[in-house]
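Engineer: Give the three-dimensional model of this entry:
(2 chains)
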Number of protein chains: 2
Amino acid sequence: MPEPNDGRALQRLLDELGRLPGIGPKSAQRIAYYILESDAETARRLSSAILDVKRQVHFCPICFSYATRDTCDVCSDASRDRSRICVVSEPRDVSAIERTDSYHGLYHVLGGVISPMDKVGPEQLHVRELMGRLADGEVKEVILATNPDVEGETTATYLSRVIRPLGVTVTRLASGLPVGGDLEYADEVTLGRAIEERRSL
Amino acid sequence: MPEPNDGRALQRLLDELGRLPGIGPKSAQRIAYYILESDAETARRLSSAILDVKRQVHFCPICFSYATRDTCDVCSDASRDRSRICVVSEPRDVSAIERTDSYHGLYHVLGGVISPMDKVGPEQLHVRELMGRLADGEVKEVILATNPDVEGETTATYLSRVIRPLGVTVTRLASGLPVGGDLEYADEVTLGRAIEERRSL
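Structural biologist: Numbering: from 1, shown residues only, chains lettered A, B, ... in the order given. This is a model prediction of the structure:
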């Protein structure tokens, strides 16, 4: 349903674009002018894609990542290794790990991290559902891939404590120097961790 | 009209966002996840703003800038100084100059610059319409505000040659060091121009 023409269509688009993450006033203007200068079909496709993603994308009932079909692409892929579950905080973390092409198991999205400050405990996350997935003994390893920050580490420690008694191997992503990074510019905590967790060659 | 749910709604949004200027794959993903995580009303407003801007914004028949009413905000503003016209290449240049709050005259958007390489001559630009606006003698000054690059200078030189015979003052935006810039980092052409066009103090 089109808004009435109040003479503010361009300003309204600038306002809406400016709300998007990483889009400042200059980027908003550049995008708005691009839309103005492109053909009507380009604008229609972008506009529909925004609405469709809200209409068609929902949470996967198994892993709580985003899904467009009944279950997500990973859960419904018979070729994935069903003996491993990688636990992440948000659906976007699934995409990040998928891009590496280094992991072929399943995922479980917690929907956040344990954070007493924000009143988020295990009950507010999809922890119960994770435990449910571990019940039948098919899963042999749970990889904790929450962020290497305070909340992420707290969440990993908590999950490790509740999962280990089930006899499931619990692992954590390695911390250390970024590949291609420069030792001189690494922060002390990262560098310290890289020394502690050094590998034998 | 929603697209059929082919399970590719998220990918389609990423593709469409990735076509926007200044939006790489990472920004597209950040924006797509923001849209997924925000409420349906946010997505609806953004989607409508994109369609509305195409439906409601058109070229002002006087100055060829963007207008949402019959004529643009500047042309229809009785308080603007009608003795000056600032000639720019694109509608976005109007916004750039308006943001300075240093100019209160009218505008004329050429819709490009003279560029023999791209087969753009004066006939492909809104030059005839500019000359028409100068016919009644109300305009005393034309400020040529095309970019300080080869095409912009060529266009300014051409316009200067055809406008001056009408007895209208023709001026050009000053070139020189950016305010707050550092002499050491200025390119040689800019620095050379700043020396040539030095002001007496």
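
Engineer: ok, the biggest strand by length in chain A: who's next to it in the sheet?
Structural biologist: Longest strand in chain A, counting residues (DSSP state E): strand A:81-88. Applying DSSP bridges, strand A:81-88 is found paired with strand A:105-109 (parallel), strand A:141-144 (parallel).

Engineer: quick one: average pLDDT of the longest one?
Structural biologist: By that I understand strand A:105-109. For strand A:105-109, the mean pLDDT works out to 97.

Engineer: Low-confidence ranges, chain A, go.
Structural biologist: A:1-7 (pLDDT under 70).

Engineer: Is the top helix by length along it positioned near chain B?
Structural biologist: In chain A, taking DSSP state H as the definition, the longest helix is helix A:40-56. Yes. For helix A:40-56 and chain B, the contact criterion (Cβ under 8 Å from any Cβ of the partner chain) is met by A:40, A:42-56. In this view, the C-beta of every residue, glycine as well, is placed from N, C-alpha and C.

Engineer: Do a quick rundown of the strands in chain A.
Structural biologist: Under the criterion DSSP E, chain A contains strands at A:58-59, A:66-67, A:81-88, A:105-109, A:141-144, A:169-172.

Engineer: Kindly reformat those strands as JSON lines containing mean neighbour count.
Structural biologist: JSON lines is the format used below for the strands of chain A (neighbours: other Cβ atoms under 10 Å in any protein chain shown):
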{"stretch": "strand A:58-59", "mean neighbour count": "15"}
{"stretch": "strand A:66-67", "mean neighbour count": "24"}
{"stretch": "strand A:81-88", "mean neighbour count": "19"}
{"stretch": "strand A:105-109", "mean neighbour count": "23"}
{"stretch": "strand A:141-144", "mean neighbour count": "20"}
{"stretch": "strand A:169-172", "mean neighbour count": "16"}
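
Engineer: now the helices: where do they sit in chain A?
Structural biologist: A:9-18, A:25-37, A:40-56, A:91-100, A:127-134, A:150-163, A:188-196.

Engineer: could I have the longest one exported to PDB, CA atoms only?
Structural biologist: Extracted as PDB, the C-alpha positions of helix A:40-56 are listed here (Å, rounded to 0.1, in the frame of the first residue of the first chain):
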ATOM      1  CA  ALA A  40      11.500   0.600 -11.700                       C
ATOM      2  CA  GLU A  41      12.200  -3.100 -11.800                       C
ATOM      3  CA  THR A  42      15.300  -2.800  -9.700                       C
ATOM      4  CA  ALA A  43      13.400  -1.000  -7.000                       C
ATOM      5  CA  ARG A  44      10.600  -3.500  -7.200                       C
ATOM      6  CA  ARG A  45      12.900  -6.400  -6.800                       C
ATOM      7  CA  LEU A  46      14.700  -4.900  -3.800                       C
ATOM      8  CA  SER A  47      11.400  -3.900  -2.200                       C
ATOM      9  CA  SER A  48      10.000  -7.500  -2.700                       C
ATOM     10  CA  ALA A  49      13.200  -9.200  -1.500                       C
ATOM     11  CA  ILE A  50      12.900  -7.200   1.800                       C
ATOM     12  CA  LEU A  51       9.200  -8.200   2.300                       C
ATOM     13  CA  ASP A  52       9.800 -11.800   1.200                       C
ATOM     14  CA  VAL A  53      12.600 -12.400   3.600                       C
ATOM     15  CA  LYS A  54      10.300 -11.500   6.500                       C
ATOM     16  CA  ARG A  55       7.400 -13.500   5.100                       C
ATOM     17  CA  GLN A  56       9.400 -16.600   4.200                       C
END
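
Engineer: what distance separates that helix from the centre of its chain?
Structural biologist: The chain centre lies 23 Å from the centre of helix A:40-56; the measure is Cα atoms, centre = their mean, to the nearest Å.

Engineer: Residues in contact with that helix: which ones?
Structural biologist: A:35, A:68, B:1-3, B:5, B:9-10, B:12-13, B:15-17, B:19-20, B:32, B:35-36, B:40, B:43-44, B:46-48, B:50-51, B:53-54 (Cβ atoms under 8 Å, 6 or more residues apart in numbering or on different chains).

Engineer: now it against helix B:40-56, angle please.
Structural biologist: 170 degrees (axes from the mean of the first three to the mean of the last three Cα atoms, to 10 degrees).

Engineer: between helix A:40-56 and helix A:25-37, how many degrees?
Structural biologist: Orientation note: helix A:40-56 sits at an angle of 120 degrees relative to helix A:25-37 (the same axes, to 10 degrees).

Engineer: List the buried residues for helix A:40-56?
Structural biologist: By 16 or more other Cβ atoms under 10 Å in any protein chain shown, the buried positions in helix A:40-56 come out as A:42-43, A:45-54, A:56.

Engineer: quick check: angle from that helix to helix A:9-18?
Structural biologist: Using the same axes, to 10 degrees: helix A:40-56 against helix A:9-18 is 50 degrees.

Engineer: got the contact list for A:Gly112?
Structural biologist: With the criterion set at Cβ under 8 Å, 6+ apart, A:Gly112 makes contact with A:Ser89, A:Glu90, A:Val120, A:Gln124, A:Leu125.

Engineer: What is the nearest of these to B:Arg82?
Structural biologist: Distance to B:Arg82, by Cβ to Cβ, is smallest for A:Glu90 among those, at 56.0 Å.

Engineer: so how far is chain B from that closest one?
Structural biologist: Going from A:Glu90 to chain B by Cβ to the nearest Cβ, to the nearest Å gives 8 Å.
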